[in-house]
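[1] Using only what follows, build the 3D model:
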Amino acid sequence: MQSNVFRKIADFLLFSSLFIAGCAVLMIWQTTELLFHAVPTGRLVGFVFFSTVCSYNFHWWLTPSSVNPSSRIQWTQRNKGLHFCLYLAGLVGAAVYFISLYEHWAALCFGAFVTFLYSAPKLPQPVFRGLRRIAIGKTIFLATVWTYVTTILPVFVSEATWNGSLVLFAASRFFLIYAICILFDYRDREDDRKDGIRSLITYLDEKGIDKLFIFSLALFTASCLGLYGYHYNTYTIILLLIPGIILSALYSYAKKHFSDYLYYFVLDGLMMFSGLLMLIADI
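    Numbering: from 1, shown residues only. So this is what the prediction gives:
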């Protein structure tokens with residue numbers, strides 16, 4: 001009985017996208033703590049949290065049935081109304097915090113626009129369905145959106161000056177997220193082919209996908225190590241590298257086992273894991 005209740009709570013947190021919204025908030029905290037030695041403003045945290053809830057629930061509300069229906073797809077089909085309500089709640093919350101951050105409207109609007117474009121191909125209108133024909137962009141685009149929202153947007157809101165450490169940290173986050181997205185696209189490649197959505201993963205063979213994953217993790221590692229040149233200590237560099245080490249160890253397993261908890265909890269959680277370790281170390 002207790003395990004069943006726990007499972008329902010866990011399903012709700014994961015599949016309603018509240019967990020991934022929490023990940024986004026923690027990633028923003030890491031950005032501001034690591035680069036500016038400060039905490040993010042509540043206005044930015046609120047905007048990103050509600051925007052993530054809005055965009056993800058909008059995406060899943062539009063998601064049809066799957067070639068290989070998973071627990072999440074089945075949960076989504078049963079809870080379309082909940083996805084729509086959470087989308088509206090996220091939209092209202094994001095709008096409220098947008099007003100409080102109005103002086104940064106250009107950076108916020110750009111983030112909202114590129115986030116919308118990721119889900120736009122699921123809309124039935126021809127102008128949006130045409131985006132499905134854009135080759136290779138799906139994986140790169142999603143990694144770019146996450147990097148912008150959790151790394152670049154805090155820089156704009158903080159009105160900080162760009163320097164080499166900011167660029168390297170943004171690059172390390174992009175290539176880690178991109179490597180994670182490769183696994184998601186590998187799992188979803190049959191659905192993408194069915195829906196006519198093109199990505200680099202639908203074109204490459206197994207060896208090509210493996211090489212792309214290794215290349216992405218190599219650039220992630222190089223970017224992290226490059227922070228040594230900006231006086232980041234060994235302990236911090238190790239914390240940043242740990243998610244990549246775990247991801248490389250899980251790669252072969254994740255290509256054969258498509259558990260929703262592996263993907264939406266473990267792999268998604270790796271995006272914020274080094275930030276979580278930093279937070280625990282600070283406590």
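
[2] quick one, phi/psi of Ala146?
    Let me fix one detail, which is that residue 146 is Trp and not Ala. In terms of degrees, to the nearest 10, the main-chain angles of Trp146 are phi -60, psi -40.

[3] doesn't Ile177 make contact with it?
    Yes - with contacts defined as CB atoms under 8 Å, Trp146 counts as touching Ile177 at a distance of 5.0 Å. Heads up, the C-betas are built off the backbone N, CA and C, glycines and all.

[4] Next, show the common contact partners of the two.
    With contacts taken as CB atoms under 8 Å, 6 or more residues apart in numbering, Trp146 and Ile177 have Met271 as neighbours in common.

[5] correct me, but Thr41 touches Val157?
    Yes - using CB under 8 Å, Thr41 makes contact with Val157 at a distance of 6.9 Å.

[6] Can you check which helix is longest in the chain?
    Of all the segments of type helix in the chain, defined by DSSP state H, the longest one is helix 164-187.

[7] Put the alpha carbons of that helix into CSV.
    Provided in CSV are the C-alpha atoms of helix 164-187 (Å, rounded to 0.1, in the frame of the first residue of the first chain):
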residue,chain,number,x,y,z
GLY,A,164,36.4,33.3,-20.5
SER,A,165,35.1,31.4,-17.4
LEU,A,166,31.5,32.2,-18.3
VAL,A,167,32.1,30.9,-21.8
LEU,A,168,33.8,27.7,-20.6
PHE,A,169,31.1,27.0,-18.0
ALA,A,170,28.3,27.5,-20.6
ALA,A,171,30.2,25.2,-23.0
SER,A,172,30.6,22.5,-20.3
ARG,A,173,26.9,22.7,-19.5
PHE,A,174,25.9,22.6,-23.2
PHE,A,175,27.9,19.5,-24.1
LEU,A,176,26.8,17.6,-20.9
ILE,A,177,23.1,18.3,-21.8
TYR,A,178,23.8,17.5,-25.4
ALA,A,179,25.2,14.1,-24.5
ILE,A,180,22.1,13.4,-22.3
CYS,A,181,19.9,14.5,-25.2
ILE,A,182,21.6,12.0,-27.5
LEU,A,183,20.3,9.2,-25.3
PHE,A,184,16.8,10.6,-25.3
ASP,A,185,16.8,10.9,-29.0
TYR,A,186,18.2,7.4,-29.4
ARG,A,187,15.3,6.1,-27.3
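
[8] How far does that helix sit from its chain's centre?
    Using CA atoms, centre = their mean, to the nearest Å, the mean C-alpha position of helix 164-187 is found 9 Å from that of the whole chain.
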